[in-house]
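Q: what's the 3D shape of this:
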Amino acid sequence: MHNRLLLKLLAINILVIAGVVVILWLAIDYLAADYFTVLMDEYHISPDEAHGMFLNAIHRYLLWAILCALAIAAALSFLLTRRVLQPLSEMMEVTKKLSAGDYQARVRVTSGDEVGRLGAAFNHMADSLNRIEQLRKTMVADVAHELRTPLTNIRGYLEALHDGVIPPSAETFDILHSEILRLVKLSEDLLSLARADAAAMDLNFRQVSLRDLVDEVLELERLRLENKDLKVAVRFTAGTEMVEADHDKLLQAVRNLIDNAVRYAPPGSTIDITAEHVEEGIRVSFSNSGEGIAAADVPFIFERFYRADKSRSRDQGGAGIGLSIVKELVVAHHGTVGAASADGRTTIWFTLPVRPGTPSLPNL
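A: Model prediction:
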């Protein structure tokens, strides 16, 4: 491909030179020759023989000039075009390495022109692929860990019961039951994540009240809120209550965010839920106090199976799928997600675009 492109560019240059040559040739034949005839007539010299000698000489020197110009133009075009196309050749080689699984390969960017910007964009794509590959490997390892831990516990207790090492008791069966529930919860989370991935293909848009969704989830979480003595402050600015969205999928996103806030909020603290207008649409934020999230971890909390605190148990911190589901569901609605954590306060939000025709109802 590189050689074919080089030949095409050379052909374009040669065609341009040939066009200029044809124009010069015709100009000499029709203009210079006429001017020469006028001069001969003015000085009463027979122009017939001299006219032919003049044209032959002009054509001969023009032909040599053409050949020299073509040779020089071809050589310069070859060298300069080859230098310009060199980054494209490197991109081809790097592409082969990427396709073979070498995600560390990068293109050298030596200029700031269009080719240089293409190389920078190519390297950015390679960085993204490398990050996705690392996340994929981490996800596979985390899924294996999530499955191995409860299965190992179940196997150990069953073997102990079978060998008579421990007697069957209600406490033992409760432990087995809790481990099975962990497996069921993980499978349900994975299924929810798969459904969230395909959410964009199955959205039923209609008018949905964000405030009603929040109130519905808070009612479901009432017992957990009471057990941790948590207070919830809900504030919706005027015109932010109604959005056009899929009720069930948006309800799941709100439920995951409130569940996340309740899980990490310290006892006796307050969870803030706010909705406000922003440039992108309507933003709903969920804020809670607590340990906070390190600045280096904030960009990754929506990745699958990612947990900022690696030492936290899965029983307390979950499997790291909830926020990934939120991201997929919100993106399916053409929205965005984000997070910030500072001064012991963590805020996670999603933003939904305001569709034409969506009524703006004041918060009553």
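Q: now the strands for the chain?
A: 205-209, 231-236, 242-246, 270-278, 281-289, 336-342, 345-352 (DSSP state E).
Q: of those, which is nearest Lys96?
A: strand 336-342 (35.1 Å; CB to CB). For glycine as for every other residue, the C-beta is placed from the backbone atoms N, C-alpha and C.
Q: so what does the closest one touch, helix or strand wise?
A: Contacts defined by 3 or more CB pairs under 8 Å, 6 or more residues apart in numbering; DSSP states H and E place strand 336-342 against helix 322-332, strand 345-352.
Q: ok, 10 Å please
A: For strand 336-342, the elements it packs on are strand 281-289, helix 322-332, strand 345-352, judged by 3 or more CB pairs under 10 Å, 6 or more residues apart in numbering; DSSP states H and E.
Q: number of residues surrounding the residue lying closest to Trp349 once chain neighbours are set aside?
A: In this structure, Trp349 finds its nearest non-sequential neighbour in Ser285, 4.0 Å apart by CB to CB, 6 or more residues apart in numbering. By the measure other CB atoms under 10 Å, the count of residues near Ser285 is 19.
Q: list the beta-bridge partners for Ser285.
A: With DSSP bridges applied, Ser285 shows beta-bridge pairing to Thr274, Trp349.
Q: tell me the contacts of it?
A: By CB atoms under 10 Å, 6 or more residues apart in numbering, the residues touching Ser285 are 235, 257, 272-276, 338-340, 347-351.
Q: over to Arg235?
A: Asp272, Ile273, Thr274, Ala275, Glu276, Ser285, Asn363.
Q: closest one to Ala71 among the helices and strands packed on strand 336-342?
A: helix 322-332 (58.2 Å).
Q: quick one: list the elements packing against that closest one.
A: Secondary-structure packing of helix 322-332 (3+ CB pairs under 10 Å, 6+ apart): helix 170-197, strand 242-246, helix 247-264, strand 336-342, strand 345-352.
Q: and of these, who's closest to Leu118?
A: When the helices and strands packed on helix 322-332 are compared by CB to CB, strand 336-342 sits nearest Leu118, at 27.2 Å.
Q: what comes up buried for that closest one?
A: Applying a neighbour-count criterion of 16 or more other CB atoms under 10 Å, one finds Thr336, Val337, Ala339, Ser341 buried in strand 336-342.
Q: quick one: neighbours of the nearest residue to the last one once chain neighbours are set aside, just the number.
A: Excluding its sequence neighbours, the residue lying closest to Ser341 (CB to CB, 6+ apart) is Ile293, at 4.0 Å. For Ile293, the number of neighbouring residues by other CB under 10 Å comes to 19.
Q: which pLDDT does the model give Ile293?
A: On pLDDT, Ile293 comes in at 83.
Q: do the one 10 residues further on as well
A: Glu303 carries a pLDDT score of 76 in this model.
Q: what's the distance between it and Ser128?
A: Counting by CB to CB, to the nearest Å, the separation of Glu303 from Ser128 is 13 Å.
Q: who has more neighbours, these two?
A: A side-by-side neighbour count of Glu303 and Ser128, using other CB under 10 Å, places Glu303 first with 18 against 11.
Q: do I have it right that that one meets Gly322?
A: No: look at Glu303 against Gly322 with CB atoms under 10 Å: they stay out of range, at 11.9 Å.
Q: domains for this structure, by residue range?
A: Domain ranges of the chain: 2-102, 123-194, 203-352, per automatic domain parsing.
Q: turn those domains into TSV, including distance to Gly112.
A: Listed next are these as TSV, based on distance: least, CB to CB, whole Å:
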stretch	distance to Gly112
domain 2-102	12
domain 123-194	14
domain 203-352	27
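Q: and the ones you listed, which is most packed in?
A: Comparing those by mean neighbour count (mean count of other CB atoms under 10 Å), domain 203-352 comes out on top with a mean of 17.
Q: give me the nearest residue to Asp343, chain neighbours excluded.
A: Excluding the flanking residues, the one nearest Asp343 by CB to CB, 6+ apart is Gly292, at 7.8 Å.
Q: surely that neighbour meets Tyr264?
A: Yes: using CB under 10 Å, Gly292 is in contact with Tyr264, at 9.3 Å.
Q: name the residues contacting each of these two.
A: Residues within reach of Gly292 and of Tyr264 at once, by CB under 10 Å, 6+ apart, are Thr346.
Q: and the residue nearest to Asp343, its phi and psi?
A: The phi/psi pair for Gly292 (degrees, to the nearest 10) reads phi 80, psi 180.
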